[in-house]
Structures are given as structure tokens and as C-alpha cells.
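S.K.: Got a sequence here, can you model it:
(2 chains)
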Protein chains: 2
Amino acid sequence: MLDTKHIQAFERIVGKENVYSDKAHLIAYSYDATRTRFQPDAVVFPRDEKDVSEILKYCNEHHIVITPRGAGSGFTGGALPTQGGITLGMEKHMNKILEIDMENMVAVVQPGVINMDLQKAVEEIGLFYPPDPASEQYSSLGGNVSENAGGMRAAKYGITKDYVMALRAVRPNGDIIRAGKRTIKDVAGYNIAGILIASEGTLAVITEITVKLIPKPKFTKGYMGIFPSVEDAMNAVFKSLAAGANPVAMEFLDSLVVHALKEKLNVDLPESAGALLIGDVDGNVEEEVAFQLEILEKSFKANGAQEFVIAHDAQTREKLWYARRNASPSITYFGNKKLNEDISVPRSMLPEALKRIYAIGERYGFKVPCFGHAGDGNIHVNIMLQNPDEKQLEEAHHAIEEIFQLVVDMGGTLSGEHGIGTSKAPFMNIAFNEEEIALFKDIKKAFDPNNILNPGKMGLPA
Amino acid sequence: MLDTKHIQAFERIVGKENVYSDKAHLIAYSYDATRTRFQPDAVVFPRDEKDVSEILKYCNEHHIVITPRGAGSGFTGGALPTQGGITLGMEKHMNKILEIDMENMVAVVQPGVINMDLQKAVEEIGLFYPPDPASEQYSSLGGNVSENAGGMRAAKYGITKDYVMALRAVRPNGDIIRAGKRTIKDVAGYNIAGILIASEGTLAVITEITVKLIPKPKFTKGYMGIFPSVEDAMNAVFKSLAAGANPVAMEFLDSLVVHALKEKLNVDLPESAGALLIGDVDGNVEEEVAFQLEILEKSFKANGAQEFVIAHDAQTREKLWYARRNASPSITYFGNKKLNEDISVPRSMLPEALKRIYAIGERYGFKVPCFGHAGDGNIHVNIMLQNPDEKQLEEAHHAIEEIFQLVVDMGGTLSGEHGIGTSKAPFMNIAFNEEEIALFKDIKKAFDPNNILNPGKMGLPA
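M.R.: Residues are numbered from 1 along each chain as shown, chains lettered A, B, ... in the order given. Below you'll find the model as predicted:
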């Protein structure tokens, strides 16, 4: 529990109305998308960067722990106040699109802006902000930057880090840091923005984000490849890309997902479909779109595709995407408890990785439906359980450990886009050796010597 | 001078033939492209990563300063051993392309590989490594990463950091660090590769680089816009890009450069040309190339272009590029001493920035020809002097300081692609405040507590 004098100090900084310390509010702020619960001692809503600076300075002096929070939609516990202290709520006031600079094609936003709100605002004027995490309707850009969020369009357009041009952030000692510029090239000084991206709120609190925008391509078409087996589909992924295809997205649904879509949601899919690849291609001219579809069709068919469907209009495209969008809801068909990991491997490793992941699932007796962003090597692996008891949960944990080990052995990573937070922290020693973890600790200490910012996340000391 | 026992220790690690301590060699290794001289006490050539680790560990224990060196082609003194100690020569042994992985479209190289050698190797198999610094014929990829090198194709394809997927590096204590993966998405742990890029060899020694490759576009055409004035050309830059153009390159030559090209090199350029924009557009289909040329022609003409020339074939294209390629050699027409800065501003600021830069030049009585990568906001500003005396050099220094101040005031940066090193270190306080420089120092200390790696660069303590 936080001493009343600290609560009063926060009230002096941001005003009484911007500090919650009553039970109901603290419970409301104890969740994120991991569905585990940790209650903060208070929730403080800064109104601006100056407030953030004063709050951090105060907490640093009094060794009060801070957990920055955007929309609380993270899958790995980044916004959970596992060590108590205050939750810094960025969504209440620091949620404005400050500027859309058409001439330089950049947008400047506060961290609490919802991803989709930025997308819509820039598309209205013919521009495009590509990063589209599945949470785009409700996740905040501060969270997107802190976790380096990916999404479906990463295959062609890259991820959040590829669009961050500049950040403003506050260090634990209250220092306000400007990192990066509204310029494409900037090599003066250390790349501070580079290290803050994906740092999960452990190094500094981001107060302003400048992102690059690009012209919105004029033409988009959807496609679906229907494959007899997961292996065929996985081969088609890297072979079509190596053949020169550059699709906006190349999403994968395995045979369990296809089954669940049919059985649970009555989605109309071919009887024989063992795996699907669904995506979009785009271009400034129709011929570019046709060029992309041609490579895809040729490569898919050369790798066993039974059918290649092109969605020429928005309605057909919506129908193809309906299957992809409902992958996650459909798989509760296999159990009411889902353990969701987002591994990523070099794309050529996908066929072998999937084979081995299913083998692990079979050995433990778990259904493991897989789907996701095959075009960039990032797959969501879901261990499904029905009313699991302690023993089953422990076994599932072992299965996940085995999966991570094989992914790392194949040159892959624990997390393609969700982050480490608390939920993957126990597996950090699979991916990193002692020397690498020592370096992480040294960096953490350089930014945050009193360890007040989101301690205990990413496997770092609590 | 380095004690003989230290020289012998290095000889034990890498072999006698890989340590130079004789005068002739030390002089040969005392230069880089800045043409200032600092002699190392020894030059040591590691044969592999293990050697690098042992050398660093030894130096760390004995507080011997190390300057990593690739090709020594840097413009800001990054490879100059200003504090003596040893130069770590990466070009002799660690110069191999280790792998080109077509399936995942990545290449793995040692730091001493020359940029163009990688470009050629991957283009032979239909792939493309876009970063093309002007030094591409001789600069090394280790240097490119350490300075975050840009180039002409940055307008469409971005810069070195956009292609680095993973690094291996050695910390001053000898720890070998793996950063990043051969995957498009990876958000596990801090973005160590992100902070090593552009760190100018001050944090760790890079021993292996994994870069992303992309399919090589099939069609390329050249273009040239002929403008009556610099202001018209500069307006056309950001207006054509905001209109949706995405040229590979958009290079700018000002009226002084045009004059020098005509007078000194007899280049055939229109009488009336006050400024030129020269570049390429590319695409997978001819229609995309036509689409790009159409936007450019329309926007250029709407902004005062007298003529828009398209180079449909390689020969004509070569002719257009001849002018750009000879911009730098031509301007010695205005003096035998060139002070070359590479400022970068948000593109919409280019017209005003150029106007003010010329005004500063006029006030001091210097000719200041400007050219470069206008499409990404990066301009090479050249103060030309003829046999300058001390007083003129001091004045030139003041002029540069004024230029940097106006660039920073306009939201720009001291360096778009050359780095800070020693030559821009005196200006760091124009671009960064005390808090930001304090953070740089904290990061440096976290990686290199004994300050043995390239001390005194980037304005950090010697």
C-alpha cells in the first residue's frame, strides 16, 4: 500500500480528479489481455509531458514503482503492476493526434492514441500507416511502440519500428529526452528511439511519437490458396516470396483452424482444405496487382495448391478475410482455455517448425491449432485445454518450453510481436545466454538505476 | 606508445603477422577520408570473432584504447585513433560473405565486406541490397552499420538500419552478443542491434551482420527535371512526394554545381538550368514505372520545371547520372579546400533551408555549392575555400556553426549519413541538450565502463 502522503503528492501534480486510489478503480486497472490480476496502489493520469516528468522524478526519489499503461490490451503482461506501486494511465489525457504533416508525410501523436484512429485519420487524406496489430481497434500507439507491435501487413510493410521516426520520452529521473527527427536520415548521437522501441516501458515513458506515413496504394485485391496439407502451404510461403512475390499479407490457417471454422462458425470452406493461405496484394497500378497475383498463383500451384481464389471486389475479399478474422474465436471449439504463443522463425523453417510443434502437441495430448502471419514467419501457436487442472497446466507449460526450445534452435524468437512481459519471462534463458542477459541488465541500469520502471518484466530483476 | 609486452600479447592472440607496429604501417593507418592524421600505437588484425573477444578483454583489463576500422573511408573521423592505442583492422581477415540465404532472402557478412561486393553478389541471383552510400565501391559494411550509412536510394528504400536484421558483436569485456534474428519480427529482449547501429564503434565491435534482401525490381528508368531556380526544384521535391511519387532516388544539383559541371567538366547541360533534380524510378511492371514518371513530370512542371527528361535506355540514363556523379569532383572549381557537411531537414523545409544557407555563405564571402539526396531531405553543403589561411578556416567554422544552428532550428540534424565522429563533435551541443548528452554518456558507460572503445568520438569523453 502506498502512503497517503504519496497519493497527496500525486494529487498535487495532476489534480485530485486524475488520481484513483479507491478499490473499484484499482480492480478495474488490475487486468490486461493476459487475464491475470495485479492491483496497483494508485492509478495516476498525467495531463502532459510535464506531469509525466514530475511524477517520475517523485517516484524516483521515493523509490515508488511505476507501470506505464496504454490500452491494457497486451498479451504478455507489460501493463500489469506486478510489483504494486502506481499505474501511469496514458489513455485519459495523452490521447491526441497532435499533427498530420502532409508535406513531410509524418504524424505526431500522443501515446494514448488508438492505432485505428490514426489509420483512419491519415487514410482520409490519401496517406497510409501500415502497422495493423490484431488489436488495432483498441490498442494504443504507445503500447504498439513499447511492444514493437506487428500485424498482418508486416509481410510487405514491416512493423512498428519501421515507422517510428522520433520519440519524446521521460527518464525515471524526470529528464525529458528527444530522440530522432522528422527526417528520413539522422545519424547524430545514439539511436535512442531504436532502444526504446520494444523496451516494454522498462527504460523510459514515451510521451510523443512521430511516425512515417506513406502514400496509400490505389489498388488492392484479396487472394486465397487452398492446400491439401500444412506442409504444402508452408512451402508455398517461402517459395512464392523467394520467387519475387511481395504480398501485403500472407496469413496461414492450419487444418485444425479450418475444421473449427466449419464446425463452430459454419464458414463455407472447401471439403478438402488442409490449410489455407489468405492475403492481399496491392499496387499503384492494376498491372502490379496482376503481377503479384500471377507469381502467387504460379508458386502456390507448383507447391500443391488445389485452388487459387482471387477476390476482385470488396465483397469477395471480405468473405475471404472472414475466415482469417474468425480464426481466433473459432478455436475455442477445442477447449475453453487457450495458451497463445507467437513464435517467429526464418520462413524457410516454417514447414519443419510446424511439423515439430504438432508432434509436441500429440505427445502431450493437446490440440495445437496454429494460424497467423506466415508471410513474415510469425505464427500464433495455441495450446487448447478444456477446464484444465493444475497438472494439465503444468504439462502445457512444459510443452510451451519445448516449443520455444525448438523455435530458438531453428533461429527463431520467443516473440514475434507480443513481447516478453511477465508471461514469457520464464523462457528468456532459452533465447539468451548469460552475457546477453547481463547486457540487458546493464542497459536497464543505465536508464533506470533505481529500478522503478516496470520492474520484473522481460526477465529483468523485480 | 604501447609497452612491448602489450604488443607481444596481441601477437600471441592473432600471430606476429597480424600485428603492425612499424612506423610505415602506422602512418598508413593514420588517415581516413577526413584527411586528418592520428597515428595508432599498433594495428591489430583479428582473424575471427574469438580473436576480437580476446583482444577486447586484454585491452579492457589493461585500459588500452581501441579504434575499430573498416575501410577507413569515413568522412567524420570515426576510424581515427585520436587517443592512440590500437587500431582494430577488420578488412584483412574478417571480409567474407558468409552466406546468401535465398529462401529467407538474407545475407550474412563479416564487417570487412565491401558494400558493392555484397550488392553484386546478391544481384547475380536476382536479389537486391539497396543501401548505396557514395563510397559503395570501397566502404565496408561494418562501417556502413556503425555510421548507419545512407545513399541515393534512401528516398524509396531507406538506409542501412532498415536492412540490418541481426548483428553479432563483442563488448569491451570480451562478451560475445547476438542481437536480432533472421526473422522479420522479433521483439524478445532489448533492441541491441538498434542501438549498435550508428554507434560509431563506441559501444561494441561488430563481428557479423545479417541483412535483409529484397527482390530486384525488373524495370528502371532515369529522369531529370530542369528548373530555373533552386527554390522551384526544392518545392518540387516535397510536392511530388506528397503527390504520391516514390522514386528510387531524387538527387539535387544547385546552380553553382551546374555551373561547375559546365565550366570544369564540359558537361552538356541546358543554358537556363538553375537547378536539377536527377533520379531513377523502378517497378516490377512497366506501368508502375510509367505511373511514377507521370506524377513526377506533372508535379515538376507544376512547380516551374522547364523540362522533364526521361531516360528510357541505359545509355541515356548513364548520361543523366554522369552529371550527378561528377558533382563532387566538379566543385573544386570554386576552391581547393572543401568543407563538406551533410545536413538533413524535413523535406518541406528544404527551400527555406537552402535560401538561408546561401545567405550565410554570402555574408562570409564563401561559395557554398549544395547537392545531394533531396528526396530524403539530406543535402551535402560544401564550403569552398582557396588556399585558406587560419583566419578563413576559423570563419568557415563559424559559418558551419550557423548552418547547423539553422538546420536544428528547422527540425533537422547535424548529420544525415556521415556520423559525428570527431569532425562534428564540437557541434553536438547545438543538436542535443544536457539531459540528452547525459543519457548518451550513461549508455556508453553501460557498454564500456573503462571507456576503451573509440573514446572521444560523438562528443563523448576522451
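S.K.: Contacts only, for A:Arg171.
M.R.: Residues near A:Arg171 by Cβ atoms under 8 Å, 6 or more residues apart in numbering or on different chains: A:Leu56, A:Ile177, A:Leu203, A:Ala204, A:Phe447, A:Asp448, B:Glu435, B:Leu439. (Glycine included, C-beta is placed from N, CA and C.)
S.K.: ok, it to B:Leu393 distance?
M.R.: A:Arg171 is 39 Å from B:Leu393, where distance means Cβ to Cβ, to the nearest Å.
S.K.: same deal with A:Glu147?
M.R.: Taking Cβ to Cβ, one finds A:Glu147 at 50 Å from B:Leu393.
S.K.: neighbour-wise, which of those two wins?
M.R.: Per other Cβ atoms under 10 Å in any protein chain shown, whichever of A:Glu147 and B:Leu393 has more neighbours is A:Glu147, with 31 against 14.
S.K.: Correct me if wrong: that one contacts A:His418.
M.R.: Yes: the pair A:Glu147 / A:His418 is scored as a contact, 6.7 Å apart, by Cβ atoms under 8 Å.
S.K.: Give the residues shared as contacts by these two.
M.R.: Common neighbours of A:Glu147 and A:His418 (Cβ under 8 Å, 6+ apart) are A:Gly74, A:Thr76, B:Val187.
S.K.: What's the first helix or strand after the longest helix seen in chain A?
M.R.: Ranked by residue count and defined by DSSP state H, the top helix of chain A is helix A:390-409. Following helix A:390-409 in sequence order, the next helix or strand is helix A:428-431 (DSSP states H and E).
S.K.: And that next one, what does it pack against?
M.R.: Where contact means 3 or more Cβ pairs under 8 Å, 6 or more residues apart in numbering or on different chains; DSSP states H and E, helix A:428-431 is packed against helix A:390-409.
S.K.: outside of the helix it packs on, which residues touch it?
M.R.: With contact meaning Cβ under 8 Å, 6+ apart, helix A:390-409 is reached by A:339, A:341, A:343-345, A:353, A:356-357, A:360-361, A:364, A:366, A:381, A:383, A:385, A:388, A:413-414, A:427, A:430-431.
S.K.: before we move on, what about stretch A:3-18?
M.R.: Stretch A:3-18 is contacted by residues A:19, A:21, A:42, A:44-47, A:51, A:54-55, A:58, A:62, A:64, A:86, A:92-93 when judged by Cβ under 8 Å, 6+ apart.
S.K.: cutoff 10 Å now
M.R.: Residues external to stretch A:3-18 that are found in contact with it (Cβ atoms under 10 Å, 6 or more residues apart in numbering or on different chains): A:1-2, A:19-21, A:41-48, A:50-55, A:57-59, A:61-62, A:64, A:85-86, A:89, A:92-93.
S.K.: Quick check: ChimeraX command selecting the buried ones in the residues you listed.
M.R.: Buried members of those, defined by 16 or more other Cβ atoms under 10 Å in any protein chain shown, are picked up in ChimeraX with:
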select /A:2,19,20,21,41,42,43,44,45,46,51,52,53,54,55,57,58,59,64,85,86,89,93
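S.K.: where does whatever residue of the stretch 51-200 of chain A ends up closest to chain B fall, helix, sheet strand or coil?
M.R.: For the stretch 51-200 of chain A and chain B, the shortest gap (Cβ to the nearest Cβ) falls at A:Gly194, measuring 2.9 Å. Classification of A:Gly194 by DSSP: H, G, I helix; E, B strand; the rest coil places it in helix.
S.K.: burial measure for the spatially closest residue to it that is not a sequence neighbour, as a count.
M.R.: Spatially, and ignoring its direct neighbours in sequence, A:Gly194 is nearest to B:Gly194 (2.9 Å; Cβ to Cβ, 6 or more residues apart in numbering or on different chains). By the measure other Cβ under 10 Å, the count of residues near B:Gly194 is 26.
S.K.: Then A:Lys5?
M.R.: Applying other Cβ under 10 Å, we find 8 residues neighbouring A:Lys5.
S.K.: before we move on, what about A:Ser272?
M.R.: Neighbour count of A:Ser272, defined by other Cβ under 10 Å: 10.
S.K.: now swap in the one 10 residues further on and tell me
M.R.: Residue neighbour count, defined by other Cβ under 10 Å, stands at 21 for A:Asp282.
S.K.: Look up how far B:Gly459 lies from the spatially closest residue to A:Ala169 that is not a sequence neighbour.
M.R.: Closest residue to A:Ala169 apart from its sequence neighbours, by Cβ to Cβ, 6+ apart: A:Ala204 at 4.0 Å. Separation of A:Ala204 from B:Gly459 (Cβ to Cβ): 21 Å.
S.K.: More neighbours: which of these two?
M.R.: Shown here are A:Ala204 and B:Gly459; by other Cβ under 10 Å, A:Ala204 has more neighbours (28 against 21).
S.K.: OK, contacts around the more buried one?
M.R.: Residues counted as contacts of A:Ala204 (Cβ under 10 Å, 6+ apart) are A:52, A:56, A:68, A:146, A:167-172, A:175-177, A:179, A:192, A:195-196, A:447-448, A:453, B:439.
S.K.: for A:Asp280, same thing?
M.R.: By Cβ under 10 Å, 6+ apart, A:Asp280 lies in contact with A:152-153, A:155-156, A:217, A:220-223, A:247-251, A:289, A:292, A:311, A:317, A:320-321.
S.K.: Could you list which of the residues you listed belong to helices?
M.R.: By the criterion of DSSP H, membership of the contacts of A:Asp280 in helices covers A:Ala155, A:Lys156, A:Val289, A:Gln292, A:Arg317, A:Leu320, A:Trp321.
S.K.: Flag every buried residue along stretch A:128-147.
M.R.: Counting neighbours by 16+ other Cβ under 10 Å, stretch A:128-147 gives A:128-136, A:139-147 as buried.
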